[in-house]
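S.K.: sequence first, then the predicted structure:
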Amino acid sequence: MPNSESPGAPPVPELLKEFPVVVSLPVQWGDQDSFGHVNNTVYFRWCETARVAYFERIGMSMFVAQDGKGPILAAIRCDFRRPVTYPDTVHIGARVTRVGNSSFQMEHKIVSRAEGIVVAESDSTLVLRDYLAERSTPLPASIRKAISELEGRLVK
């Protein structure tokens, strides 16, 4: 039956319990390619959606509006575990795994509701950019604190 978890599979919340931000999105018919499964580029959009939700939770948009500084994606990779097809709903977890001077790393896990399994795992590096000066800039203490509070742990 579409959009129901597979019998015996761990429930979706259990698979994403270590992620403080989880976004759920329906798979769209147009997400599929000519091979009948979701195109690889769509997975990156799903991660982007979860990343933006994470940024909203830590107040990044307010910081960008005030100072003209914001994150820019420097690198991303994805391990595709299983194909996803329509109809389905995916749940995308987002968390920060490391914070540097002006950069931080994020991890994403994508779970298929229909299959009840992890279908992809992604990690990315983001750099805080001063868009007016056109260079990277250190992460402010307020953003570091917001990340640690959201994660429920000190992130280094």
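M.R.: That came through, no problem.

S.K.: in the lowest-mean-pLDDT helix or strand in the chain, what counts as buried?
M.R.: Counting by mean pLDDT, DSSP states H and E, the weakest-scoring helix or strand in the chain turns out to be helix 60-67, with a mean of 79. By 16 or more other Cβ atoms under 10 Å, the buried positions in helix 60-67 come out as Met60, Phe63, Val64. For glycine as for every other residue, the C-beta is placed from the backbone atoms N, C-alpha and C.

S.K.: columns distance to Pro13 on top of those, output as JSON lines?
M.R.: Below are the buried residues of helix 60-67 laid out as JSON lines (distance: Cβ to Cβ, whole Å):
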{"residue": "Met60", "distance to Pro13": "25"}
{"residue": "Phe63", "distance to Pro13": "30"}
{"residue": "Val64", "distance to Pro13": "31"}
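
S.K.: please name every helix or strand in contact with the helix ranked longest in the chain.
M.R.: Looking across the chain with DSSP state H, the single longest helix is helix 40-57. In terms of contacts (3 or more Cβ pairs under 8 Å, 6 or more residues apart in numbering; DSSP states H and E), helix 40-57 is packed against strand 21-26, strand 69-80, strand 89-99, strand 103-112, strand 117-130, helix 141-151.

S.K.: that helix vs strand 89-99, what angle?
M.R.: 60 degrees (axes from the mean of the first three to the mean of the last three Cα atoms, to 10 degrees).
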